[in-house]
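> Sequence plus the predicted model coming up.
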Amino acid sequence: MSGVADRLRDNGVAVYPTAMLLVFFLIPFLIMFAVSFFSRDEGAFFTPAFDLANYARFLSPFFFKVLVTSLGLSAAAAVISVGVAVPFTYFVTRMGAGAQSVILVFLLSVLSLSEVIIGFAWSTLLSQTAGIGNLLAALGILESSRSFTPSLGALLLGLCYLGFPYAVLVIYPALSRLDPELPEAARMLGASPIRSFFNIVVPMLRNTITGALILVFVFTLGAYLLPQVLGRPQHWTLSVHITDQAIFQSNLPFAAAMAIFLMLVSLAMVGLSSLLGQKRM
Amino acid sequence: MTRKFLNRRSFMGSTLAAGGLASLATPNLLRAQSDRSLKVGTYGGYFQDSFNEHIFPDFTAATGIAVESIGEPTGEAWLVQLMTAARANQAPADVSMMAQVARIKGERAKLWAPLDEAALPNAANLPDHFVHRYEDGSINGLGAVAWYITLVTNTDVYAQEPSSWKALWDPANEDKLGLLALATNSFLLEITAETWFDGTEILDTEEGILEVMNKLAEVKPNVRLWYRDEGQFQQALETGEIPMGQYYHDVTGLAAADGKPVRSTFPAEGGVLDSGSWCVSKASDKVAEAQEFMNYMCQPEIQAKLSRFVGTAPTVRRDLTDLTDEEYGAVASSIDPILPRYDVYSEREDWLNQKWSELVVG
């Protein structure tokens, strides 16, 4: 008897989060899924139906190009962020405890900045009138101040700024737990610091690195403001088009269909990359 | 006019859903002695505050009808709410200020109560394009407030004021323009048609629209920013970062009065006249009160008051108002306006938006 009560009590703890997840995640998602099949009434709203037209409209060269742009941008942002984050975090873990917490607290505080603030801050920093162009001109590197935004580089910079702290925070625990004797042993056997980093540290972190790549990839896939602020129209991601459809053109069925499609594609990419990560182990 | 005006459309664009909800939760009921009352929906935020302060108390004093002020979201969210409520025979607001595309959609769905023209004698003060009728001729809405989108420039960068929308196509302005990003809020198709094709009639057919789009595509090398958020462009215009573009006449005038190096120009082809209209939900049982309110709002002195205190262009003919040249110039122009083709947007919505995205992105 007491065994049943214990089990109830133990499982009872899980009821609340499960219910929250159901109410605030699963149900809205199912509603969106249903809406993606509704039929759009042009000049009005939508009516419940089972209509594949929204998905059909998405399968056009135009949206395919947009999808490729979105995936490409997020993949590039993920690779750059993690590429910088791995050596960065490695050096951080070699520092004293005080310095480590200062850096980590700083990175955590960057997470509190919204996409809006990051976007507008970078667009000012990269502008002709108030940006680093003035500094470069004053130093004689540029003849006269110029603007670096909107451009692909500016957009990638913004996306990486958004993703970098997450990459560091995912990699940090694994790197700080890494036995320092392993790279040291490699060094004693004659490997250069760079070689020991790439041949010993990086392979041991493969799963963590894959996880960080996936996290930054998925996270930046949802960015819809940075492409508008820092990019040109050809860099507008699927998220921008979803926002346009949902908010400005009140075409919720099409917006929902695009969102579902984006989710499926990103799930597939995530599945594929974790599969590849496992195989190599 | 106050500096607060700057908040109006950015509020409308971004935070309105939240603001609208907040004000729905605490409706502002202006008490009157009689039991006659009316729920009036206006865009939440600056608009609602201005109406609460300058318009509703006087209306209640003049008619004895108490006003319950409702903050509504812009775009079509409010139309959806009105529509859903009307199915349950409810009216969250008796009379609402509606953007034009939403108004037309409501008209198609016969959501608006047909009004009694005899109860609206002041509707005669309005030009025809502000008197909206069903096919049988009955009135279903009246112009409430209007505003202009004009050609704006930074005076430090452009010493010479441009005189035509053709400046947008000038190769000398490469990478210098800020334009609104969407077909339905930029009205660039109408601007292009008026500037290069002798009027917006060419937008009647799909071939015509595509022809206009091809012409419009020529401005793309000149566009540095396609903006959805006004704040994004205004700051860049003031600093000279993006020294030319399309923007709101009233807000630009306020920035200039504030000492910012910007100017608003009504080009020879005219500024774009966008507007909101009063419509009554068919589920309302206060049609008589709503008509009294709409009739009250169509008085020239009330329209002049709106121009002075809210910064909107009058929907009544200018000569009826006592606005001075300076007051009128701050909100409008005597040059014939470019009238948006809302009918085209509501008829070919998805096709047009798709072609537009391909034009801008491609």
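Received, thanks.

> contacts, neighbours, all on C-alpha from now
Noted.

> For residue A:230, see how far away the nearest residue to residue A:136 once chain neighbours are set aside is.
Excluding its sequence neighbours, the residue lying closest to residue A:136 (Cα to Cα, 6 or more residues apart in numbering or on different chains) is residue A:142, at 5.5 Å. According to Cα to Cα, to the nearest Å, residue A:142 and residue A:230 sit 21 Å apart.

> More neighbours: those two, which one.
It is residue A:230, of residue A:142 and residue A:230, that has more neighbours when counted by other Cα atoms under 10 Å in any protein chain shown, with 28 against 13.

> pretty sure that one is in contact with residue A:155, am I right?
Yes - assessed by Cα atoms under 8 Å, residue A:230 is found in contact with residue A:155 at 5.0 Å.

> Spatially nearest residue to the residue minimising distance to the centre of chain A, not counting backbone neighbours?
Most central in chain A under Cα atoms, centre = their mean is residue A:219, positioned 2.3 Å from the mean C-alpha point. Take residue A:219 and drop its neighbours on the chain: the residue closest to it by Cα to Cα, 6+ apart is residue A:163, 7.2 Å away.

> phi, psi of the one you found?
phi -90, psi -30 (degrees, to the nearest 10).

> Check residue B:163 too.
Backbone torsions of residue B:163, given as degrees, to the nearest 10, read phi -120, psi -10.

> neighbours around it, how many?
Residues near residue B:163, counting by other Cα under 10 Å: 13.

> ditto for residue A:96
Residues within reach of residue A:96, counting by other Cα under 10 Å, total 9.

> quick one: it and residue A:72, what's the gap?
As judged by Cα to Cα, residue A:96 and residue A:72 stand 38 Å apart.

> Buried residues, stretch B:101-114. List them.
If you call a residue buried by 16 or more other Cα atoms under 10 Å in any protein chain shown, then stretch B:101-114 has these buried ones: B:101-107, B:111-114.

> so which of those are also by chain A?
Cross-checking the buried residues of stretch B:101-114 against chain A (Cα under 8 Å from any Cα of the partner chain) gives B:105-106 as the overlapping residues.

> Nearest to chain A among the buried residues of stretch B:101-114?
Top of the list for closeness to chain A, among those and by Cα to the nearest Cα, is residue B:105 at 5.7 Å.

> and residue B:97, backbone torsions?
phi -90, psi 120.

> can you give me the helices in the stretch 151-281 of chain A?
When assigned using DSSP state H, counting those that start in this stretch, the helices of the stretch 151-281 of chain A occupy the ranges A:152-177, A:181-188, A:193-196, A:202-204, A:206-221, A:226-230, A:238-243, A:252-280.

> Off-centre distance for the longest one?
Counting by Cα atoms, centre = their mean, to the nearest Å, helix A:252-280 is centred 13 Å from the centre of its parent chain.

> Contacts (any at all) between chain B and that helix?
No - taking Cα under 8 Å from any Cα as the criterion, helix A:252-280 and chain B are apart, separated by no less than 10.2 Å.

> So for that helix, what gets flagged as buried?
For helix A:252-280, the buried set under the neighbour-count rule, 16+ other Cα under 10 Å, comprises A:252-262, A:266, A:269-270, A:273, A:277.

> Quick one: work out the angle between that helix and helix A:206-221.
Going by axes from the mean of the first three to the mean of the last three Cα atoms, to 10 degrees, helix A:252-280 is angled at 170 degrees with respect to helix A:206-221.

> what mean pLDDT does helix A:252-280 have?
For helix A:252-280, mean pLDDT is 85.

> and it, what other elements does it pack with?
Packing partners of helix A:252-280 (3 or more Cα pairs under 8 Å, 6 or more residues apart in numbering or on different chains; DSSP states H and E): helix A:27-35, strand A:39-40, helix A:53-58, helix A:206-221, helix A:238-243.

> got the angle between it and helix A:27-35?
110 degrees.

> so, in contact with chain A or not, stretch B:243-252?
No - on the criterion Cα under 8 Å from any Cα, stretch B:243-252 is out of touch with chain A, staying 11.3 Å away.

> who's in contact with that stretch?
B:5-6, B:147-154, B:157-158, B:168, B:176-180, B:236-237, B:262-265, B:311-312, B:330-332 (Cα atoms under 8 Å, 6 or more residues apart in numbering or on different chains).

> Go ahead and confirm residue B:242 touches residue B:223.
No - assessed by Cα under 8 Å, residue B:242 is found out of contact with residue B:223, at 9.1 Å.

> near chain A at all, the longest strand belonging to chain B?
The strand spanning the most residues in chain B, taking DSSP state E as the definition, is strand B:139-154. No - using Cα under 8 Å from any Cα, strand B:139-154 stays clear of chain A, with a minimum separation of 13.1 Å.

> What's the first helix or strand after that strand?
Proceeding C-terminally, strand B:139-154 gives way to strand B:177-180 as the next helix or strand, assigned by DSSP states H and E.

> Can you pull out the low-pLDDT segments for the chain?
Using chain A. For chain A, the stretches flagged by pLDDT under 70 are A:1-3, A:42-44, A:277-281.

> wrong chain, I was asking about chain B
Of all residues in chain B, those with pLDDT under 70 make up the ranges B:1-34, B:74-75.

> What values do phi and psi take at the residue nearest to the spatial centre of it?
If you average the C-alpha coordinates of chain B and look for the closest C-alpha using Cα atoms, centre = their mean, you land on residue B:275, 3.0 Å from that point. Note on residue B:275: its backbone torsions stand at phi -160, psi 170 [degrees, to the nearest 10].
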